[in-house]
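Attaching a predicted model along with its sequence, questions to come.
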Amino acid sequence: MDKHISVPFSGNTAASLQAGDYVYLTGTIYTARDAAHKRMYEAWEKKEKLPLEMENNIIYYMGPSPARPGRPIGSAGPTTASRMDKYAPVLLDMGLKGMIGKGKRSGAVKEAVVRNGAVYFAAIGGAGALLSRAIISSEVIAYDDLGTEAIRKLEVKDFPVIVVMDAKGNDLYETAIREYHQETCLF
């Protein structure tokens, strides 16, 4: 089912999403990859303030390419989400409601998604140039020294994603494989 939602969003919105839903996000999301996650985790360990509020927000695992003239950002495709699995449960426990990336997640992330009523979205890998068209503005808000891995605040309009893991723990990567095997099994 296609859904258009505003971000950031609450637990009620997260609970309404089901694995397999096509979602178009409009509003504010943040980018962070490996190095930024490591810094945020270290800040959390030291009980320091993080550079962004996690409550109800969404983090997109993306490091953009340089922007062409007249554009707010360059190619903006997702990176492999499992690289953030070590850090994601802590951020989810702090109130993060959504993550956008590509690929499977660990059992610990799945448990944290369910425990916190969050969701994991997939963006289409290899479609970074197309995805960048849904980004209205981009502003570095933290860790500028990390270059493309700095934390950015993005304003998006109808940013296309698919719910891969919903708040109940349904995982499209698992269910799609089972359905495929059932449909193709000849015996």
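The structure has been received and is ready for your questions. If you're wondering where the values come from, they're calculated on a predicted model, not measured in any experiment.

contacts, neighbours, all on C-alpha from now
Will do.

The residue most central in space within the chain and Arg68: what is the separation?
The centroid of the chain falls nearest to Ile100 when counting by C-alpha atoms, centre = their mean (1.8 Å). Applying C-alpha to C-alpha, to the nearest Å, the value for Ile100 to Arg68 is 24 Å.

Centre of the chain to the longest strand along the chain, how far?
Longest strand in the chain, counting residues (DSSP state E): strand 151-165. Relative to the centre of its chain, strand 151-165 is centred 7 Å away, using C-alpha atoms, centre = their mean, to the nearest Å.

where exactly do the helices run in the protein?
For the chain, helices defined by DSSP state H occupy the ranges 11-16, 34-45, 88-93, 107-116, 128-132, 172-184.

hmm, back to that, bridged to the residue nearest to the centre of the chain, which residues?
Under the criterion DSSP bridges, Ile100 forms beta bridges with Tyr60, Phe121.

I'd guessed it sits against Ala122; true?
Yes: between Ile100 and Ala122 there is a contact under C-alpha atoms under 8 Å: 5.4 Å.

Next, show the common contact partners of the two.
Residues touching both Ile100 and Ala122 by C-alpha atoms under 8 Å, 6 or more residues apart in numbering: 78, 161.

now the end-to-end length of stretch 117-125.
One end of stretch 117-125 sits 25 Å from the other (C-alpha to C-alpha).

Report the rounded mean pLDDT for it.
Per-region confidence: stretch 117-125 scores 93 on mean pLDDT.

who touches that stretch?
Defining contact as C-alpha under 8 Å, 6+ apart, one finds that stretch 117-125 is touched by 11, 14-15, 17, 77-79, 92, 96-103, 113, 160-168.

Just the buried residues out of the residues you listed, in PyMOL syntax.
Buried residues within the contacts of stretch 117-125, by 16 or more other C-alpha atoms under 10 Å, are selected in PyMOL with:
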select buried, resi 11+14+17+77+78+79+92+96+97+98+99+100+101+102+103+113+160+161+162+163+164+165+166+167+168
